[in-house]
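Peer 1: Structure for the following, please:
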Amino acid sequence: MAETSNKHYPLEKIRNIGIIAHIDAGKTTTSERILYYTGKSHKIGEVHEGAAQMDWMAQERERGITITSAATTCFWNDTRINIIDTPGHVDFTAEVERSLRVLDGGVIILDGSQGVEPQSETVFRQAQKYHVPLIFFVNKLDKIGGDFYMSVGSVYEKLAPNAVAVQLPIGIENEFNAVIDLIERKAYKFEGNLGENIIEVEIPEDMKQKVEEFRQKLVEKVAESDDSLIEKYLNGEELSVEEIKSGIRKLTVQTKMYPVFCGASLSNIGIQKLLDGVVSYLPSPSDTPETEGFDQKTGEKMHLAHDENGPFVALAFKVQTDSYVGRLTYLRIYSGKITAGSYIYNSTKDKKERIGRILLMHANHREELHEIKAGEICAAVGLDAVTGDTLCSEEYPIVLESISFAEPVIGLVLEPKSKADRDKMSVAIKKFLEEDPTLKIKTNEETGQGVLYGMGELHLEIIVDRMKREFGVEVNTGKPQVAYRETIRKTVDIEGKYIRQSGGRGQYGHVVVKVEPLERGKGLEFVDKLVGGSIPREYVPAVEKGVKEAVESGILAGYPLVDIRVTLHDGSFHEVDSSEMAFKMAAIEAMRDAQRTADSFIIEPIMKIEVVTPDEFMGDVIGNLSSKRGKIESTEQRGNARVITCTAPLAEMFGYATELRGLTQGRASFAMEPSHYEEVPSSILPELVKTGRR
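Peer 2: Model prediction:
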């Protein structure tokens, strides 16, 4: 029987987990099984039938992919599990980033016939960045090519040498029908219409030796968790089932071990045992380290214990517009508790806000709550907070580390079809920018034409589709545009003067700045190194504002200027004529001159691409990639297919899906994600300078 959400669960009985994976590994199918077995839904919604509960947006159901991370709550073994099902497509990587920032643990799902795929590596790196403990679930072992041992090997080689199997499969491909628990040395079948009856079966005779081999590896790893266990192990004594389980938990929570489970979600094999693993091995909020933040007033480091009786502190990690209740702000509560209708303090924005209602989300259904406590994830109505804002009590003004997102690499020209559409479009875009921190918009005030920048073609396609469906906006779209950038090679010391004398009060601003190149990905750094009062302190923000305005458009082709440090170290002022405006203009002049003398050049986004193709097309695929300025990094065998890894400029990759289909009779697939920026070759530079953004 399903438990109710109103029951109070202590911190150690709560799990906040994410289900993360490469596209098509079976995340949403696995989430649907979890909801069914935990009694949250009475039937299983299938992705291929467009009926998955966690994929509730129309676009998700039509395309069979997850676009927005859906949150839900379910219960297993007297434990409350808050689950976020995240997207697998690289264009929606921000959804994974923000989810991992607030989760305590995660389940990475692998396609058993593919092992570790490009996006599996990306999500694993994101999880490592936030020190999120993980367990792996090798899914789809019932499909042709499903190979548990290859998949575990690929995790071991590509991601984590401390990944250790805790289960083994019985049978391969369509004969896969049961899993062996290595800890208990027991095998289980999942029978009934939907695998709801778990039956213990005999371990096949021909697998007993393999079970002992893999169990030995597991026990050897577990012994590292504790001195007393090492001693016991070295003395040749048998570790008890309880000792092994507590050792796995301890190492997993410390991210020193990644347990690997196996199953097949679509055939209903292994999900209940995976749930047992989530409860047994992934951390509760009380197992996670104290949350770090900074005192809003002094900037000093603060440490926050996870305690429902402590001061109220929460992080807003997602904003979503709901057609029934309006603007929803998703919160992770780190400390204290809060009731609906009460006032809280937004320490990031330095303002008071009121929580109107508190909702527990189940995909897009909702349940009203009066109070929410530490360790929980909920959605609040009535807040102005945006992604990354800290909410707390005024007596405890802490600011938590915000969430960083990748810069968008591709733009799309949007033109409203009518004046009415123009007004509706600006409302729609304002909402989308609030929801999605990886979207940026640049608008030409004269033409009303805007360029919307996002993470990929699919990302922008979905936004245009949502504009039409949710806001009734009709737009014409131009060709996708690459997010080129400009930067410099040399360090220069330059002065900028803005002196105007035209009757009455004049204008006087004079700055001396050093402009130097930084390594790729550093953006813009502004450093104030003024000494001796050469410029009054109140004019420094105006200088910074001028620098920021100047770098929005470079001198070569009008692309933003990035990866530079600007150090203000000297200047002069006039007692009467100096003003903020004059210093801002002086800074803009200085930046223009700096670009002319510092050897400016243009850089372009480079993508990492992995193509999986049958052997016979490998030569054609490599030839085609080379013609796109692609650099082949490696080719390897995966089953009976070849995996080609390469990097290539985004500018050359538009429409690649269609080309690849034509080259390989539709039998190859590819994945692409942003990698880094590189200098544009001199052969295409003149064309870029000519067409530019100006």
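Peer 1: Sort out which residues of the helix or strand in which Met591 is found are buried, please.
Peer 2: Assignment of secondary structure by DSSP states H and E places Met591 within helix 580-597. For helix 580-597, burial by neighbour count (16 or more other C-beta atoms under 10 Å) applies to 582-591, 593-595. C-beta coordinates here come from the backbone N, C-alpha and C atoms, glycine included.
Peer 1: just stretch 141-160 next, same as before
Peer 2: Neighbour-count burial for stretch 141-160 [16+ other C-beta under 10 Å]: 141-143, 145-148, 150-152, 154-156, 159-160.
Peer 1: from the buried residues of helix 580-597, which is closest to Lys337?
Peer 2: The shortest approach to Lys337 among the buried residues of helix 580-597 belongs to Lys584, at 46.4 Å (C-beta to C-beta).
Peer 1: right, and Leu524 touches Lys548 too?
Peer 2: Yes. Applying C-beta atoms under 8 Å as the test, Leu524 and Lys548 come out as touching, 7.1 Å apart.
Peer 1: that older thread, what is the rounded mean pLDDT of the helix holding Met591?
Peer 2: Averaging pLDDT along helix 580-597 gives 94.
Peer 1: For Lys442, which residues are in contact?
Peer 2: 411, 450-451, 453 (C-beta atoms under 8 Å, 6 or more residues apart in numbering).
Peer 1: Oh, that last question was meant for Val279, not what I typed.
Peer 2: 15, 76-77, 79, 81.
Peer 1: Show me the two of those that sit farthest apart.
Peer 2: Across the contacts of Val279 (C-beta to C-beta), the longest gap, 10.3 Å, separates Arg15 and Asn77.
Peer 1: between those two, who's got more neighbours?
Peer 2: Arg15 (25 against 12; other C-beta atoms under 10 Å).
Peer 1: where does that one sit relative to Lys273, distance-wise?
Peer 2: According to C-beta to C-beta, to the nearest Å, Arg15 and Lys273 sit 16 Å apart.
Peer 1: Could you do Leu359 as well?
Peer 2: Distance from Leu359 to Lys273, by C-beta to C-beta: 32 Å.
Peer 1: Now Val612: which helix or strand?
Peer 2: strand 600-614.
Peer 1: partners of that strand, with directions?
Peer 2: Strand pairing for strand 600-614, using DSSP bridges, gives strand 485-488 (antiparallel), strand 641-649 (antiparallel), strand 669-679 (antiparallel).
Peer 1: Rebuild the ones you listed as CSV, extending it with mean neighbour count and distance to Thr348.
Peer 2: What follows is these, written out as CSV (neighbours: other C-beta atoms under 10 Å; distance: least, C-beta to C-beta, whole Å):
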stretch, mean neighbour count, distance to Thr348
strand 485-488, 23, 28
strand 641-649, 19, 37
strand 669-679, 18, 27
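Peer 1: and those strands, which one's lowest on average pLDDT?
Peer 2: Among these, strand 669-679 carries the lowest mean pLDDT (a mean of 85).
Peer 1: Check the offset of that strand from the chain's centre.
Peer 2: Relative to the chain's own centre, strand 669-679 is displaced by 16 Å; criterion: C-alpha atoms, centre = their mean, to the nearest Å.
Peer 1: circling back to that earlier point, sort out for me which of the contacts of Val279 are in helices.
Peer 2: Judged by DSSP state H, the subset of the contacts of Val279 located in helices is empty.
Peer 1: Save these as CSV, and put in pLDDT too.
Peer 2: Listed next are the contacts of Val279 as CSV, based on pLDDT from 0 to 100:
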residue, pLDDT
Arg15, 92
Trp76, 89
Asn77, 88
Thr79, 91
Ile81, 89
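Peer 1: so which of those residues would you say is closest to Lys631?
Peer 2: When those are compared against Lys631 (criterion: C-beta to C-beta), the nearest one is Arg15, at 42.8 Å.
Peer 1: Nearest residue to the closest one in space, please, no chain neighbours.
Peer 2: Nearest non-adjacent residue to Arg15, counting by C-beta to C-beta, 6 or more residues apart in numbering: Ile81, 4.7 Å away.
Peer 1: Then Val325?
Peer 2: Val325 sits nearest to Val381 (C-beta to C-beta, 6+ apart), 5.2 Å away.
Peer 1: Next up, the contacts around that neighbour.
Peer 2: With C-beta under 8 Å, 6+ apart, Val381 has these contacts: 325-329, 355-359.
Peer 1: Who does it form a beta bridge with?
Peer 2: Under the criterion used (DSSP bridges), Val381 bridges to Leu328, Arg357.
Peer 1: Next one, pLDDT for it please.
Peer 2: 89.
Peer 1: got a markdown table for the contacts of Val279, with distance to Thr288 too?
Peer 2: What follows is those, written out as a markdown table (distance: C-beta to C-beta, whole Å):
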| residue | distance to Thr288 |
| --- | --- |
| Arg15 | 11 |
| Trp76 | 20 |
| Asn77 | 20 |
| Thr79 | 16 |
| Ile81 | 15 |
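Peer 1: which one among these gets closest to Glu243?
Peer 2: Using C-beta to C-beta, the contacts of Val279 come closest to Glu243 at Asn77, 19.9 Å.
Peer 1: That closest one and Gly277 touch, don't they?
Peer 2: No. Counting by C-beta under 8 Å, Asn77 does not reach Gly277; the two are 11.0 Å apart.
Peer 1: what about the residue most central in space within the chain, which helix or strand?
Peer 2: The residue lying closest to the centre of the chain (C-alpha atoms, centre = their mean) is Glu97, at 2.3 Å. Using DSSP H and E, Glu97 sits in helix 93-102.
Peer 1: where in the chain is pLDDT low?
Peer 2: The chain contains residues with pLDDT under 70 at 1-7, 40-70, 85, 87-95, 323, 362-365, 443-449, 502-504, 639, 692-694.
Peer 1: So the residue nearest to Val325 versus Asn162, what's the distance?
Peer 2: 43 Å.
Peer 1: ditto for Leu561
Peer 2: In terms of C-beta to C-beta, Leu561 sits 43 Å off from Asn162.
Peer 1: Equivalent analysis for Glu212, please.
Peer 2: For Glu212, the distance to Asn162 - C-beta to C-beta - is 21 Å.
Peer 1: more neighbours, those two?
Peer 2: Asn162 (15 against 11).
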